[in-house]
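Asker: With the sequence up front, the predicted model follows.
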Amino acid sequence: MSNTERTFIAVKPDGVQRGLFPEILSRFFNKGYKLVAIKLTMANEPLLREHYADLQSKPFFPSLLSYMLSGPVLATVWEGKDVVKQGRILLGATNPLASAPGTIRGDFAVDMGRNIIHGSDSVETAEKEIALWFKKEELVDYKPTLYSWIYE
Ligand code: UDP
Ligand code: MG
């Protein structure tokens, strides 16, 4: 299993406005994952239509669009062993009411349309999402000093 797998994690506008992003970043750092890119950015409609391409025909799509355009998003990329799947576990279920306490959505959210965070659902999706939200040169290459304390 590769230690250089990557996932795209975005704190949505509600998570940013509620000041929850330090806590969210901590959970990924504490687990042992490496931050390789981060920026506070406003999404735009073409980007979101591509990001959520599989959901365009859903009845909730218009409200999802306006939610994601309602303020800045904190876009991040994380790297590490099994980070895509583990990231989804850290997030919890799409519906915060079905998310266990201890997960990010389970601890900090109530409504599906205000579930504070996005995480890629597969390695393939992660690659697409990272390329969509970040330029290549925004992904930083470095070795974390704690690396040998995380990986044997
Ligand atoms: N969403 C919603 N209502 C639904 C399903 C999804 O508002 O019935 C929103 C929710 O914010 C979710 C996003 O659309 O996070 C993307 O949906 P997806 O099924 O991809 O869930 P995720 O991968 O974010 O858990
Ligand atoms: Mg999804």
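Answerer: That came through, no problem. Residues are numbered from 1 along each chain as shown. Ligands and ions are numbered 1, 2, ... in the order given.

Asker: From ligand 1, how far off is residue 18?
Answerer: Separation of residue 18 from ligand 1 (CB to the nearest ligand atom, to the nearest Å): 15 Å. In this view, the C-beta of every residue, glycine as well, is placed from N, C-alpha and C.

Asker: For that residue, give me its contacts.
Answerer: Under the criterion of CB atoms under 8 Å, 6 or more residues apart in numbering, the contact list for residue 18 reads 108, 116.

Asker: And residue 34, by the same measure?
Answerer: Residue 34 sits next to 78, 79, 80, 144, 147 when contact means CB under 8 Å, 6+ apart.

Asker: Report the buried members of those.
Answerer: Buried residues within the contacts of residue 34, counting neighbours by 16 or more other CB atoms under 10 Å: 78, 79, 80, 144.

Asker: Narrow the residues you listed to those in strands?
Answerer: Secondary-structure check on the buried ones among the contacts of residue 34 using DSSP state E: residues within strands are 78, 79.

Asker: wait, which of the buried ones among the contacts of residue 34 is closest to residue 63?
Answerer: Relative to residue 63, the closest of the buried ones among the contacts of residue 34 is residue 78; by CB to CB it sits at 27.8 Å.

Asker: Secondary structure class of residue 76, three-state.
Answerer: strand (DSSP: H, G, I helix; E, B strand; the rest coil).
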